[in-house]
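[1] Structure, please.
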Amino acid sequence: MIEGRRLPDLAIKVILGDMSHTSAQVLETARKLRDHTAEVLSTIVRIPSFSGKEEAVCRKIASLCTEAGFDEVRFDGLGSVIGRVGRGPRKLAIDAHVDTVEVGDPAGWQTDPFSGLIRDGLVRGRGTSDQKGGAAAMIAAGAILKQLHYDGQFSVYFTFTVLEEDCDGLCWRYLIEKEGLVPEYAVSTEPTSCRLYRGHRGRMEIEATVRGVSAHGSAPERGVSAAYKAARAALAMESLNGRLASDDFLGKGTVVVSKIAVHGPSQCAVPDQGSLYLDRRLTWGETAESALEQVRQAMGKDAEKVAMPQYEGKGWNGARYTQDLYFPTWKIPEDHPLFTAGKAAHQALFAKLPETGKWTFSTNCVAICGAHDIPCIGFGPGDEDKAHAPNEYTRIDDLVTCSAFYAMLPVALESSRT
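    Prediction:
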């Protein structure tokens, strides 16, 4: 867990004294941009952008950032869009992934998933919550900072990243490890219903194999069935799930069999090969090594091999990047300076402290904070339960709230003197 210089909530009052005039200007500008921000979201929702196929939406986002007056707009080596506002020596990153999952059964949708329909205070379509809504609010935040002539301590990097749905965090591992973009603080704009988040469980993928001895199906006693070994292994995972550790904030670790397969020489034979694919969610204190060992012990002598696969991502520009399918758990303390500044920014804008919490699912923060110890918070438009679901939508009011928050955060960080 990242430890920082601790600031009690009382410090929020000190921060607020420095921000009242700026917060009024930020909120007024965000409200003036309301309709434009909704149109921006509608525009990018109308461009399908499944993982690895984000070129069209990335090029559109780059042009929208340029139109908003960003000081720099470029593509990184993997194809993500990197926009910058400000020229300060300190670096703040605000991130949205711009790829989406696929539609699923079209019959489950009441409207065209790529309509970007704006109606009744909502923008509808695939990616509105997960998470092009965050991207639209980021573009608006950059425009707010430019219109208010922000010239503070921070260079604010707005990152519109690729391949997250395939491999969360890979895009940020690339940015940090290959391109050297190492911010002091980061914000994920994944959906939080405009709550302020400070962590979530990690995850990993595990492949376990079993081996049997084939025999003719008419005499199964002559063989050793890999199917029965795989079945015992699946039940062992069910039992293991009930014994996994828990954390007071992040909750319990989990394991589930997401895929199981067996093979043999024919349909009329005892199968001699089997495999299980496991989705393992990691709470605080759990590691890849400890999780693998738990599976080995639970499977016992039936385990032939228990290992973590690797993922090779291919960006829309053809670039490749590889990592283990391990995504470390992360959280920051409730009184961390970044979290305190986030609460102060919200208080300054909306005259109330934000609701706080954590995500159930995983985000790019597994790389930024989990792997690289860069403090992160989450604040995003839309709802977590709309992610990957049919009839996805985001509230336009959320876009206004979030764009104002993102523009206010560097000011709050400067005022907190962290």
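
[2] contacting residues around the residue nearest the centre of the chain?
    Against the mean C-alpha coordinate of the chain, by CA atoms, centre = their mean, the closest residue is residue 363 at 1.9 Å. Residue 363 sits next to 164, 168, 169, 188, 190, 200, 378 when contact means CB atoms under 8 Å, 6 or more residues apart in numbering. All C-beta spots, glycine's among them, are computed from the backbone N, C-alpha and C.

[3] I'd say the first one and residue 51 touch.
    Yes. Taking CB atoms under 8 Å as the contact criterion, residue 164 and residue 51 are neighbours in contact, 7.5 Å apart.

[4] Spit out the residues that contact the two alike.
    residue 99.

[5] quick one, which of these two is more surrounded?
    residue 164 (28 against 20; other CB atoms under 10 Å).

[6] which residue sits closest to that one in space, ignoring its chain neighbours?
    Counting by CB to CB, 6 or more residues apart in numbering, residue 164 lies nearest to residue 97, which is 3.3 Å off, once chain neighbours are set aside.

[7] now swap in residue 352 and tell me
    Nearest to residue 352 is residue 346, by CB to CB, 6+ apart, at 7.3 Å.

[8] secondary structure element for that neighbour?
    Using DSSP states H and E, residue 346 maps to helix 337-350.

[9] With residue 297 instead?
    Judged by DSSP H and E, residue 297 forms part of helix 288-299.

[10] who's in contact with that helix?
    Residues contacting helix 288-299 (CB under 8 Å, 6+ apart): 204, 206, 208, 210, 232-233, 236-237, 239-240, 244, 253, 255, 278, 280, 282, 303, 306-308, 324, 326.

[11] if we go to 7 Å?
    Residues from elsewhere that reach helix 288-299 (CB atoms under 7 Å, 6 or more residues apart in numbering): 204, 206, 208, 233, 236-237, 239-240, 278, 280, 282, 303, 306, 308, 326.

[12] Show me just the buried residues among these.
    Among the contacts of helix 288-299, those classed as buried by 16 or more other CB atoms under 10 Å are 204, 206, 208, 233, 236-237, 240, 278, 280, 282, 303, 306, 308, 326.

[13] Among the contacts of residue 363, name the ones in strands.
    188, 200, 378 (DSSP state E).

[14] what's the domain layout of the protein?
    If you go by automatic domain parsing, the domain ranges for the chain are 11-200+329-415, 202-312.

[15] mean confidence score for the longest one?
    Read it as domain 11-200+329-415. Mean pLDDT, domain 11-200+329-415: 96.

[16] Now find how far off-centre that domain is within its chain.
    When C-alpha coordinates are averaged (CA atoms, centre = their mean, to the nearest Å), domain 11-200+329-415 and its chain have centres 11 Å apart.

[17] three-state assignment of residue 23?
    Secondary structure, DSSP: H, G, I helix; E, B strand; the rest coil: residue 23 is helix.

[18] Now it: closest residue in space that isn't a chain neighbour?
    Here the residue nearest residue 23, using CB to CB, 6+ apart, is residue 348, at 3.9 Å.

[19] so how far is residue 401 from the one you found?
    Distance of residue 348 to residue 401, computed by CB to CB, to the nearest Å: 13 Å.

[20] More neighbours: the two, which one.
    residue 348 (27 against 22).

[21] okay but the more buried one is in contact with residue 19, surely?
    Yes. With contact defined as CB atoms under 7 Å, residue 348 counts as touching residue 19 (4.6 Å).

[22] intersection of neighbour lists for these two?
    By CB under 7 Å, 6+ apart, the residues touching both residue 348 and residue 19 are residue 412.

[23] Quick one: residues in contact with stretch 33-52.
    56-57, 60-61, 64, 98-100, 102, 114, 116, 118, 123, 125-128, 132-133, 135-137, 139-140, 143, 163, 165-166, 314, 316, 394, 396, 399-400, 403.

[24] how far does it stretch from start to finish?
    31 Å (CA to CA, to the nearest Å).

[25] Same question for stretch 278-286.
    16 Å.

[26] How about the secondary structure of residue 83?
    strand.

[27] That one bridge partners, please.
    On the basis of DSSP bridges, residue 83 is bridged to residue 73, residue 158.

[28] ok, it touching residue 142?
    Yes. Residue 83 is within contact range of residue 142, at 6.2 Å (criterion: CB under 7 Å).

[29] what touches both of these two?
    Residues touching both residue 83 and residue 142 (CB under 7 Å, 6+ apart) are 65, 70, 158.

[30] Might you report the residue contacts of the last one?
    Okay, so that is residue 158. 83, 94, 138, 142.

[31] The second one too?
    Contacts were defined as CB under 7 Å, 6+ apart; by that measure residue 70 touches 83, 84, 85, 142.

[32] which one among those residues gets closest to residue 412?
    Nearest to residue 412 out of the contacts of residue 70 is residue 85 (CB to CB; 15.9 Å).

[33] how close does the closest one get to residue 43?
    20 Å.

[34] Give me the more crowded residue out of the two.
    Using other CB under 10 Å as the criterion, residue 85 and residue 43 rank with residue 85 on top: 26 against 16.

[35] Can you show me the strands along the stretch 101-250 of the chain?
    Secondary structure of the stretch 101-250 of the chain (DSSP state E, counting those that start in this stretch): strands located at 118-119, 122-124, 154-161, 185-188, 196-197, 199-200, 202-211, 246-247.

[36] show me where this protein has helices.
    Along the chain, the segments classed as helices by DSSP state H run 11-17, 20-32, 34-45, 55-67, 133-147, 170-177, 226-241, 288-299, 337-350, 365, 396-415.

[37] Generate JSON lines for the ones in strands among the contacts of residue 363, with distance to residue 223 and neighbour count as supplementary columns.
    Output for these, formatted as JSON lines (distance: CB to CB, whole Å; neighbours: other CB atoms under 10 Å):
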{"residue": "188", "distance to residue 223": "51", "neighbour count": "27"}
{"residue": "200", "distance to residue 223": "45", "neighbour count": "30"}
{"residue": "378", "distance to residue 223": "52", "neighbour count": "26"}
